[in-house]
Structures are given as C-alpha cells and as structure tokens.
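Undergrad: following is a predicted model, sequence given first.
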There are 2 protein chains.
Amino acid sequence: MAAPEGMFVLEGRPTAQLIADQLRELIVQGAFRPGQQVNESALASQLSTSRGPLREALQRLCQEGILVSKRNRGVFVLELSPDDVREIYAVREAVELAAANTLLGSEADQVADTCRELKGIIRSMAKQVAASDWQAIARLDMQFHTAFVSGTGNTRLIRIYETLAAESRMCILSLEVAYPRIDALVQEHQMILDLLEARDQSGLQNAIKRHMQKAVEDLTSEPEVSGITA
Amino acid sequence: MAAPEGMFVLEGRPTAQLIADQLRELIVQGAFRPGQQVNESALASQLSTSRGPLREALQRLCQEGILVSKRNRGVFVLELSPDDVREIYAVREAVELAAANTLLGSEADQVADTCRELKGIIRSMAKQVAASDWQAIARLDMQFHTAFVSGTGNTRLIRIYETLAAESRMCILSLEVAYPRIDALVQEHQMILDLLEARDQSGLQNAIKRHMQKAVEDLTSEPEVSGITA
DNA sequence: GATTCGACAATTGTTGACAATCTACAGTTC
DNA sequence: GAACTGTAGATTGTCAACAATTGTCGAATC
C-alpha cells in the first residue's frame, strides 16, 4: 500500500548509502583537507554509528574516487593534481555533450521542465554573486549542471555526473581563489540555457566545450595548490 | 625504494576491492541470475572470508550499479530492462566518442600502441568466432572497447567504462541468444580500428554510433528476457 | 472456505573485541 | 655523528556474537 499522508518509510535507503551521502557532502564542503587520512573510529563516533557501517560507506566513496584506499594504511581524501582537473573536465564535457544531444532529441515539454529548473538556479546564482557567497555559488554552479544532465532521465549518466560534480567542487575548493571570471559565470550559464531553449545543437555543443575549457584554464592557471609548489 | 627484481608487495590493493573484482567477474559470467538475492553468509564462506569484508565489497558493487541494495532485505543482482540497455549503450557511446576525440588529439605513437593492442584482440576474436565460443567472444568484445578507452589514459573515463563493460556483458548474458550478426562483429571492430589508424575523426565517430545503435537493436529486438514476456 | 492474527525461521544490520600491520621514536652500534 | 635495529603506540583489518527486521507458515476465527 502507498504510504499514508504525512508518513513515509523511515530511511528506506540502505544505511551505508546514507552515511556515504553525508560524508560526501562533508568532503566537498572542505571538512577534510586533500590528502588527509580519515580516521575510522573518530568519524564513526562523530556520526554516531559503528565502524562497520562507516567502513561500508568509505568503500562506496573509494569506488567513486573521492577517497583513495591504501591497504593497512587507511583511506585518504583525494588530492587533485592539474592532470586530475583536466581529466574531470574532459569527462564532464563528454557527459554534458551527450546530455545535450539526448535533450535535443527528446520531447519539447520535457526540455521545458528542465529549462524552468535551470532558470531558477541561474536566478539564485545571480543573487549569490551579488552577495559574494562563494560556497553557495559553487553549489549552485554544480546544481545547474547536475539539473542539466538530470533532464535526460538517464540514471546512469546522472549517477556518473554526481561523482563528477563532487570532484569538481573539490577542485574549486582546493584552490580557494575561485571564480576569477565572476561576471562571466552567470552569463555563460544563461547562454547554455538560451541555446537549449533555442534547440541550437551545434551552438550548445560549442558553448559547453568553451565553458569546460575556460574552467580548466581557471583551475590550472594558479600553480600553487595551497602550500606546496611544484 | 623500488621493489627488487622478482619481488612485489603482497596484495597491495585493499581487500574489499579484490573481493569486489572477483564478485564482478562471477556476476558477469552468469554465476547469479538477474534479480537473485546474494546471501552474505553463504558467499562469505564460499570466498573464504568473513561477512565484514564481503559486505564492503557488496557496497562497492552497489555503488557501481551491478547490485541493488534494499534496506533490511539484502542485495540483489541487477535486472536489466530494455530501458537499461538503451541507457547503458547511450553512455557507452558518449564515453567512446570522447575517447575517440582524445585519442585523435594525442601523440601518434601513443595511438599506435593502442592500435597494436586492438589488432591482437581482433585476431583472437576471429579465432573464437570460428570456434563459436560465445563466452570468449563476449569477453573479447568488451576487451576491445575497454582497450580503446584505456588508450586515452584518462583514469576516470576508464573506471566509468569498466562498469559499463560489466553491465554490457550482463546484457549479452541475460538474453542468451547473443550475437545474431556474428559475421559483422569482427568486421565492425576492424573498421573502428582502421578509422582510428587513418585518423578519420568523423568516420570514426559515425562508426562508433552505428556500432552502438546496432547493438541496442540486437539486444532489445528479442521481446522475451528469459521467461517473462512483456 | 477465505481471511486475519500470531509465532517461527532466516537473513540482514550492528556492535564490540581481537589480531595484524604500519609509523615513529628511542636505543644501540659502527 | 649517522645509520640501523628494536620496541611502543596507534590505526586498520578481520571476525564472531547479538539485535532487529522481514517473510512465511500454520492455526484460529468469521
């Protein structure tokens, strides 16, 4: 039977996934430094659970690539090199281009729903830009792209992109001097939205490619990645 | 210091990953039926380990999407619907197109290495086609595409593709009547290799798209997915 | 005869304790 | 003084027992 009004199944999702989601959010918000070891006992008691479920959650994040596991050493927060940044944005470009093609090949009203959502995100983004809330801007930036990919309805593409979004936020976080081209940010997203609404395939593809290319340039131009210089 | 000749670190990779790799191989080989529940205790003793490490491995495979977890119910082998097949091959197309572009933009000798590997796989494939060893053909088929993507050196793209390869093998396995166009199989892969060597970008892209499209047609044309008819 | 309630069996979820491994530091030797 | 060895501490890896939930079978009731 369907859940009665106001009621819903208590924590229908498996525990390890719930913990993993919490942890992922903590990591992308910068609660752990890149390269830092994750202490199991400490984290377990902090999240008021036991080491068993926590370790299961850690394994999920290792599979995603946000954490790296070394045998008999423990798990560590991913350290992002410039090569990593290039990799991440290359895959993001591939996923978003595929999402763009899928969207343009789908029903008009389905695209309209996505556009409406994107419009709202851009509006929020403009507000946060005015307020200079970098943390919120980073979240909305990724929220925009995640919504874009979600519009395809392809659950595998969406899942892949969620990991990429988390890694991207880590990129932005690790080199704290984020968003040098703050004015262009809202404008670029608006252009992607416009081209999607106009159903301009080649224009949309080019806009996405440019968007990614500029992001990589911004993220890799700063040689120092907080402290250590190559 | 580097490991002396003939010596290497004993099982440098974490345990959960080792178990997960074993399990993935078992699943794609059809040791479990789609939708079947995975009994933790039984599997743990079968793999001569405990439930703890096994559960960690199961969580990894859940994250990949090969298994699905239901709270207080256990984990089950993924059941593939025709929609799943379309999803998987849509993502595969996206990844391989990106890989093709990356490869064509890289050094010539790097591409040559990949081509050499692909050539060897095609040769093995032709042998197995002659022997009608379907299991081996499926493995070599995915080995070809995995090697193709590996040629890019993009570790994230490679990791994503490994999951897709596993799911693809499950697709082929679930509808056992595999490879109806057996003659075209070797030919299509050979064409992809030739176009890569010729550095024909648009030709290569079209070949990949056609290859994926035909695979989806083959895999979704059979209405019965072993038993249940829609 | 169909349905509902209750108890049982099986399986998962969680916890705590034990064993193995690694890093760091101190002591010893050359 | 430098390098090596041995020990101590901490942390991870593994295991077995306990608790909680789910699905099933059977009996009682309408």
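TA: Happy to help now that I have it.

Undergrad: for whichever strand or helix holds residue A:130, packing partners?
TA: In the assignment (DSSP states H and E), residue A:130 maps to helix A:108-131. If you count contacts as 3 or more C-beta pairs under 8 Å, 6 or more residues apart in numbering or on different chains; DSSP states H and E, helix A:108-131 packs onto helix A:82-104, helix A:134-150, helix A:182-197. To be clear about C-beta, it is placed using only N, CA and C from the backbone, and glycine gets the same treatment.

Undergrad: which parts of chain A sit against DNA strand C?
TA: A:14, A:15, A:16, A:49, A:50, A:51, A:52, A:53, A:72, A:73 (C-beta under 7 Å from any atom of the strand).

Undergrad: check which residues of the helix holding residue A:130 are buried.
TA: Buried residues in helix A:108-131, counted by 16 or more other C-beta atoms under 10 Å in any protein chain shown: A:111, A:114, A:115, A:117, A:118, A:121, A:122, A:124, A:125, A:126, A:128, A:129.

Undergrad: got a pLDDT number for the residue nearest to the fourth one when sequence neighbours are not counted?
TA: Ranked by C-beta to C-beta, 6 or more residues apart in numbering or on different chains and with sequence neighbours excluded, the top spatial neighbour of residue A:117 is residue A:147, at 5.0 Å. Per-residue confidence (pLDDT) for residue A:147: 98.

Undergrad: wait, doesn't residue A:147 sit right on residue A:114?
TA: Yes: counting by C-beta atoms under 8 Å, residue A:147 does reach residue A:114; the two are 6.7 Å apart.

Undergrad: what residue is smack in the middle of chain A?
TA: residue A:165 (1.6 Å; C-alpha atoms, centre = their mean).

Undergrad: how about the residues of chain A by chain B?
TA: Proximity of chain A to chain B (C-beta under 8 Å from any C-beta of the partner chain) is limited to residues A:11-17, A:20, A:52, A:55-57, A:59-60, A:62-65, A:69-71, A:87-88, A:90-91, A:93-95, A:97-98, A:102, A:154-157, A:159-160, A:164.

Undergrad: keep only those of the residues you listed that are in strands.
TA: Among the residues of chain A next to chain B, the residues falling in strands (DSSP state E) are A:69, A:70.

Undergrad: out of the residues of chain A next to chain B, which end up buried?
TA: Burial by neighbour count, 16+ other C-beta under 10 Å: within the residues of chain A next to chain B this picks out A:14-17, A:20, A:52, A:55-57, A:59-60, A:62-65, A:69, A:87-88, A:90-91, A:93-95, A:97-98, A:102, A:154, A:156-157, A:159-160, A:164.

Undergrad: which stretches of chain A have low pLDDT?
TA: A:1-11, A:175-178, A:222-230 (pLDDT under 70).

Undergrad: got the domain ranges for it?
TA: Annotated domains of chain A cover A:15-77, A:82-221 [automatic domain parsing].

Undergrad: the ones you listed: which one's closest to residue B:44?
TA: Nearest of the domains of chain A to residue B:44, taken as C-beta to C-beta: domain A:15-77 at 14.0 Å.

Undergrad: the nearest residue to residue A:218 once chain neighbours are set aside in helix, strand or coil?
TA: Leaving aside its chain neighbours, residue A:218 sits nearest to residue A:180 (5.7 Å; criterion: C-beta to C-beta, 6+ apart). Under the three-state scheme (DSSP: H, G, I helix; E, B strand; the rest coil), residue A:180 adopts coil.

Undergrad: next one: residue A:180 from DNA strand C, what distance?
TA: According to C-beta to the nearest atom of the strand, to the nearest Å, residue A:180 and DNA strand C sit 36 Å apart.

Undergrad: right, and that residue touches residue A:217 too?
TA: No: if you go by C-beta under 8 Å, residue A:180 and residue A:217 don't touch, sitting 9.6 Å apart.

Undergrad: and stretch A:42-55, does that touch DNA strand D?
TA: Yes: residues of stretch A:42-55 are located near DNA strand D by C-beta under 7 Å from any atom of the strand, namely A:51, A:52, A:55.

Undergrad: endpoint to endpoint, that stretch covers what distance?
TA: 12 Å (C-alpha to C-alpha, to the nearest Å).

Undergrad: what are the buried residues along it?
TA: Residues A:43, A:44, A:47, A:52, A:53, A:54, A:55 are the ones in stretch A:42-55 that count as buried (16+ other C-beta under 10 Å).

Undergrad: which ones are touching the closest residue to residue A:205 other than its chain neighbours?
TA: The shortest distance from residue A:205 to any non-neighbouring residue, by C-beta to C-beta, 6+ apart, is to residue A:97 (5.8 Å). Going by C-beta atoms under 8 Å, 6 or more residues apart in numbering or on different chains, residue A:97 touches A:205, A:208, A:209, B:94, B:97, B:98.

Undergrad: in chain A, what residue is nearest DNA strand D?
TA: The nearest approach of chain A to DNA strand D comes at residue A:74, 3.0 Å away (C-beta to the nearest atom of the strand).

Undergrad: which residues touch the closest residue to residue A:54 other than its chain neighbours?
TA: Among residues not flanking residue A:54 along the chain, residue A:44 sits closest, at 4.5 Å (C-beta to C-beta, 6+ apart). Neighbour list for residue A:44: A:50, A:51, A:54 [criterion: C-beta under 8 Å, 6+ apart].

Undergrad: just residue A:122 next, same as before
TA: Counting by C-beta under 8 Å, 6+ apart, residue A:122 has contacts A:144, A:186, A:189, A:190, A:193.
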